[in-house]
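Undergrad: Got a sequence here, can you build the structure:
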Amino acid sequence: MTTVVTEALGDAQEIALERARILSALLDDVQALADRGALAIQREIAAYSQGGDRLFTDMREQVLLNYRTKLRLLLEDRGARLEDLYFVRKAAMRRARAGFALEDYINAFRVGLQVFWDALLERAGASPMGHEAALSLVGPVMRYVDFASTHAAHVYAEFQKYALVDDHREQRDLLEHLLAGEMPTSGPLLAAAHAYRLDADAPIIVATAISSDRAASSDALHAASAALARTGLRGAKTLVVARQAEIIALPTLGSDADPLKMCDRLEAVSVRLRREGIPLAIGISTVATGVGELPRAYLEARGWSASVAATASWRYRGYRRFSTSRCARTTPRGGWSTRGCARFSTRIAPVEGCSRQRCGRLSTLT
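TA: Numbers count the residues shown, from 1 in each chain. Predicted coordinates:
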């Protein structure tokens, strides 16, 4: 029995060493492997063959990042996390904006996998130990591809829905009306406002977001906008507009919705985007009781997002959470009044020395 166990352990160690050899060899040659993968995708998928040199260069860079990440995770013997696939969201958004069909986009993963697997078998060689090492990699490789392709399909569909459903020119025009504290009086803009459940008396939160990455591209802002557009409560659409380097979202609460739930949703989106390589500074206003209060709420949210973007420590500042649709207001002496507020949650205490003249929530996740 001892001999059998010893032999099994010895075989396992040899297989592990052979796996490391195969994967290291592929990683050393990953640039050439990316060339093979990109050319195969261009050859087999018509949408990629008609895109020209710029598309090919972008696609080849994505293949390289995908192969390099996969090989690194296989060498570390661990599964993929969203942080590892930071490059996927922006690439998926670019394909969606270019009009690629989802099946073509996902098909590229299949072609890339086939090229990768052929190269792995080639490196494994004809030895029995090489075959065993290759066989041991089947499960990890398929789990990675399943995770990566599912994530890619999700963010692709998310942006596609955001892009197809909404008229962005109409959104921008509507936003300008609302931030001036005015409801459109008639026509398509009024109909669009009603579609977002925005009216003169609606309880509304303003969230403004700017990227903590000064080199953030328009791709990153559009990808973040698509994610923020899905934060509405009870199936409500959220008006989201990206203008210059800022994203503005106007989620409505409904007559009996808890602002905390909306804050939690915005926080969850911020965490997910950060994990995918799109860090945002998000400022969240107190509740505006109708469109007339939106100018005040916008300045409040914008002040918070600008403040945290300029703060190197990226801490929570001036944080108070409210459980009702009416938020606390400051007293003339700068203290906190509890009128219209059922309770305060002090899950996170205010930073020492921060301003207490403003009420609002700052989500500072990086």
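Undergrad: And whichever strand or helix holds Ala301, how far out from the chain middle?
TA: Per DSSP states H and E, Ala301 falls inside helix 294-309. How far helix 294-309 lies from its chain's middle: 22 Å, per CA atoms, centre = their mean, to the nearest Å.
Undergrad: now stretch 145-158
TA: 12 Å.
Undergrad: what packs against the helix holding Ala301?
TA: Helix 294-309 is packed against helix 168-179, strand 207-211, strand 246-250, strand 280-284, strand 288-289, strand 361-365, with contacts defined by 3 or more CB pairs under 8 Å, 6 or more residues apart in numbering; DSSP states H and E. C-beta coordinates here come from the backbone N, C-alpha and C atoms, glycine included.
Undergrad: Can you list the buried residues in the one helix or strand Glu267 maps to?
TA: Assessed by DSSP H and E, Glu267 sits inside helix 259-275. Judged by neighbour count using 16 or more other CB atoms under 10 Å, the buried positions of helix 259-275 are 259, 262-263, 265-267, 269-270, 273-275.
Undergrad: any low-confidence regions in the chain?
TA: Residues of the chain meeting the criterion pLDDT under 70: 1-11, 160-168, 212-219, 233-235, 255-257, 308-366.
Undergrad: Count the residues that sit near Arg54.
TA: 8 (other CB atoms under 10 Å).
Undergrad: distance of it from Leu33?
TA: Arg54 sits 22 Å away from Leu33, going by CB to CB, to the nearest Å.
Undergrad: I'd like to know which elements the strand or helix carrying Pro140 is packed against.
TA: Using DSSP H and E, Pro140 maps to helix 128-165. Other helices and strands packing on helix 128-165, by 3+ CB pairs under 8 Å, 6+ apart, are helix 2-28, helix 52-76, helix 88-97, helix 102-124, helix 218-228.
Undergrad: Now do the contacts for Leu190.
TA: For Leu190, the contact set (CB atoms under 8 Å, 6 or more residues apart in numbering) comprises 183-184.
Undergrad: So it: helix, strand or coil?
TA: On the three-state scheme (DSSP: H, G, I helix; E, B strand; the rest coil), Leu190 is labelled helix.
Undergrad: Pick out the residue closest to the middle of the chain.
TA: Closest residue to the average C-alpha location of the chain: Leu273 at 3.0 Å, with CA atoms, centre = their mean.
Undergrad: Next up, the contacts around it.
TA: 89, 223-224, 227, 279-280.
Undergrad: Which of these are buried, as a PyMOL select command?
TA: To isolate the buried members of those in PyMOL, using 16+ other CB under 10 Å:
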select buried, resi 89+223+224+227+279+280
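Undergrad: Verify the contact between Ala80 and Val145 for me.
TA: No. Applying CB atoms under 8 Å, one finds Ala80 not in contact with Val145, separated by 9.5 Å.
Undergrad: Let's have the helices and strands packed on helix 294-309 in JSON lines, adding distance to Phe159.
TA: Converted to JSON lines, those look like this (distance: least, CB to CB, whole Å):
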{"stretch": "helix 168-179", "distance to Phe159": "12"}
{"stretch": "strand 207-211", "distance to Phe159": "16"}
{"stretch": "strand 246-250", "distance to Phe159": "14"}
{"stretch": "strand 280-284", "distance to Phe159": "16"}
{"stretch": "strand 288-289", "distance to Phe159": "28"}
{"stretch": "strand 361-365", "distance to Phe159": "21"}
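Undergrad: Which among these is found nearest to Glu14?
TA: Nearest of the helices and strands packed on helix 294-309 to Glu14, taken as CB to CB: strand 361-365 at 45.4 Å.
Undergrad: Next one: the residue lying closest to Pro203 once chain neighbours are set aside from Met59, what distance?
TA: Once flanking residues are discounted, Pro203 sits nearest to Leu253: 4.3 Å by CB to CB, 6 or more residues apart in numbering. Using CB to CB, we find Leu253 at a distance of 42 Å from Met59.
Undergrad: so which of the contacts of Leu273 comes closest to Ala133?
TA: Of all the contacts of Leu273, Arg89 has the smallest distance to Ala133: 33.1 Å, by CB to CB.
Undergrad: I'd like to know how far that closest one sits from Leu221.
TA: Distance, Arg89 to Leu221, by CB to CB: 12 Å.
Undergrad: repeat for Gly99
TA: Counting by CB to CB - Gly99 and Leu221 are separated by 20 Å.
Undergrad: swap in Ala98?
TA: 17 Å.
Undergrad: Comparing those two, which residue is more hemmed in?
TA: Remark: of Ala98 and Leu221, Leu221 carries more neighbours, 22 against 12, as counted by other CB under 10 Å.
Undergrad: so the closest residue to that one other than its chain neighbours bridges to which residues?
TA: Leaving aside its sequence neighbours, Leu221 sits nearest to Ala242 (CB to CB, 6+ apart; 4.7 Å). Going by DSSP bridges, Ala242 is paired in beta bridges with Ile247.
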